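Trainee: Fold the following and give me the result.
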Amino acid sequence: MIYFRRNSLYNYTFRLSIYLLFILSSNPVNSQENKGLPDFQAIFEDDYNYALNIIEQNEWWSDTLHSHGLEPAFALSVIFPELIRYSSILNYIEVKSLEVLYVQYGADYADFSIGYFQIKPSFAEKIEADILNYGLDRQYPSLLSLKPTIPGTPENRRHRIIRLKDENYQILYLEAFIRIMDYQYAEQVKRMPLPTKLQFYSTAYNTGYFKETEMIREEMNKKRFYCGIEPVKERYSYSEIALHYYLERMTR
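Mentor: Here you go, the predicted model:
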């Protein structure tokens with residue numbers, strides 16, 4: 001009887017070990033295809049470390065995302081390159097004149113990035129409209145307070161600028177973006193391994209989530225990202241930076 005119990009335990013342990021080995025080997029985060037990314041922390045140095053510190057100093061970002069049913073690592077990876085860029089242009093940010101143009105005339109006259117997550121007014125307007133299109137109004141009523149179905153007014157646009165500077169609203173826009181992506185590209189992403197899905201979402205965030213699937217896929221590996229104000233020759237893939245941060249975060 002004692003021999004039988006020991007043998008059962010051994011069989012159970014053996015089966016568990018095989019199962020865990022299978023899971024680890026099949027996990028897309030640990031697969032061979034994810035190796036070979038540039039060391040973006042070494043490339044961007046202080047700006048990369050600034051982005052890391054901002055996330056660490058704002059643990060409530062992760063807590064909020066988690067409490068709302070989203071994976072913080074995935075969501076924050078989407079906007080991580082924006083934090084790097086925000087650091088690099090921090091000393092040059094002067095958007096008051098652009099704010100006035102947007103408030104008076106709309107995104108066609110002035111469309112500029114705001115806050116840590118570098119959200120443009122046109123992006124926010126699109127998110128607000130799609131919250132209604134995808135039936136997310138009960139989850140994000142505060143993002144509908146400006147009544148996006150009604151043509152924008154200077155007063156609406158002024159309030160949009162104010163809340164795009166508010167980190168609480170930035171988190172909500174990010175959440176809404178991810179949920180809209182989940183609906184809009186449900187069929188396409190369900191067959192994607194996790195790293196590809198992250199690169200797809202981050203590219204859509206950076207270049208426009210309203211584009212066709214193939215257009216977003218084409219943009220995924222294009223090297224357009226750089227720091228600072230002046231364009232430079234050496235550029236990098238936004239989606240690879242997002243993936244690099246995600247992999248580093250998951251292995252800590």
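Trainee: quick one: low-confidence ranges for the protein?
Mentor: Residues of the chain meeting the criterion pLDDT under 70: 1-35, 91-98, 100-102, 104-106, 108-111, 146-151.
Trainee: and Gln188, what does it touch?
Mentor: Neighbouring residues of Gln188 by C-beta atoms under 8 Å, 6 or more residues apart in numbering: Phe200, Thr213. Quick note: C-beta positions are derived from backbone N, CA and C, even for glycine.
Trainee: Could I get the buried residue list for the helix or strand hosting Tyr48?
Mentor: Mapping Tyr48 onto the secondary structure by DSSP states H and E places it in helix 46-57. For helix 46-57, the neighbour count (16 or more other C-beta atoms under 10 Å) marks Asp47, Tyr48, Tyr50, Ala51, Leu52, Ile54, Ile55 as buried.
Trainee: How about stretch 219-230?
Mentor: Glu219, Met220, Phe225, Tyr226, Cys227.
Trainee: Now, those residues that are in strands?
Mentor: Counting by DSSP state E, the part of the buried residues of stretch 219-230 found in strands is Phe225.
Trainee: out of the buried residues of stretch 219-230, who's nearest Arg85?
Mentor: When the buried residues of stretch 219-230 are ranked by distance to Arg85 (C-beta to C-beta), Cys227 comes first, at 6.0 Å.
Trainee: any idea how far the closest one lies from Tyr116?
Mentor: Distance, Cys227 to Tyr116, using C-beta to C-beta, to the nearest Å: 15 Å.
Trainee: what about the helices in the stretch 151-252 of the chain?
Mentor: With DSSP state H, counting those that start in this stretch applied, the stretch 151-252 of the chain shows helices at 154-164, 167-184, 186-189, 194-207, 213-220, 238-250, listed in chain order.
Trainee: What is the burial count for the closest residue to Tyr185 other than its chain neighbours?
Mentor: Distances taken as C-beta to C-beta, 6 or more residues apart in numbering put Thr213 closest to Tyr185, at 6.5 Å, once the chain neighbours are dropped. Residues lying near Thr213 (other C-beta atoms under 10 Å) number 14.
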